[in-house]
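Undergrad: Here is the input, now give the coordinates:
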Amino acid sequence: MDAKVYRPERDWKGQTIGELDDYHIGDVTGCVMGGPSVQPLARFPGTVSTEDQLGIPWAQESGVVVKQHDRLLIGSTLYAVFSERLWADPNVLTGSQPSYYWVEVRSTT
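TA: Numbering: from 1, shown residues only. Alright, predicted model coming up:
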């Protein structure tokens, strides 16, 4: 799936200045919704929730790297990015770089 990435400027109260469309910085492609989550499911031992995670391939033609506080428009749903990049470090056993990085997202619409 593809996502439009917005990086809005904010005032001292944290409110977006101007219109969101003014802050479109590019698109990311090949995104995956879901993924390993650090949130265990209540009453289901050993099971974790996969909601609220978005995997984004490192290699992007646009060169955009999603950051905390960005807004992502996927389809008609706007998501806020609530985390820095997760699981972006090289594998400690193999040294290989992951092909995706993950961010925590929440729907704002």
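Undergrad: list the contacts for the residue of the chain positioned farthest from its centre?
TA: Residue farthest from the centre of the chain, counting by Cα atoms, centre = their mean, is Arg43 at 27.7 Å. Applying Cβ atoms under 8 Å, 6 or more residues apart in numbering, we find Arg43 in contact with no residue. For glycine as for every other residue, the C-beta is placed from the backbone atoms N, C-alpha and C.
Undergrad: In the protein, where's the longest strand?
TA: strand 100-107 (DSSP state E).
Undergrad: and Val105, bridged to which residues?
TA: Val81 (DSSP bridges).
Undergrad: from here on, count from 25
TA: With 25 as the first residue, the last one maps to Val129.
Undergrad: what about it, how many neighbours?
TA: Val129: 25 surrounding residues under other Cβ atoms under 10 Å.
Undergrad: wouldn't it be in contact with Val105 here?
TA: Yes. Applying Cβ atoms under 8 Å, one finds Val129 in contact with Val105, separated by 5.7 Å.
Undergrad: can you list contacts of stretch 30-37?
TA: The contact list for stretch 30-37 (Cβ under 8 Å, 6+ apart) reads 40-42, 44-49, 91, 93-97.
Undergrad: could you pull out the strands for the protein?
TA: For the chain, the strands defined by DSSP E cover 27-30, 48-52, 56-57, 77-81, 95-98, 101-105, 124-131.
Undergrad: Can I get those in JSON lines including mean pLDDT and distance to Leu117?
TA: As requested, the strands of the chain are arranged in JSON lines below (pLDDT from 0 to 100; distance: least, Cβ to Cβ, whole Å):
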{"stretch": "strand 27-30", "mean pLDDT": "96", "distance to Leu117": "31"}
{"stretch": "strand 48-52", "mean pLDDT": "96", "distance to Leu117": "28"}
{"stretch": "strand 56-57", "mean pLDDT": "89", "distance to Leu117": "23"}
{"stretch": "strand 77-81", "mean pLDDT": "91", "distance to Leu117": "21"}
{"stretch": "strand 95-98", "mean pLDDT": "93", "distance to Leu117": "31"}
{"stretch": "strand 101-105", "mean pLDDT": "90", "distance to Leu117": "29"}
{"stretch": "strand 124-131", "mean pLDDT": "89", "distance to Leu117": "18"}
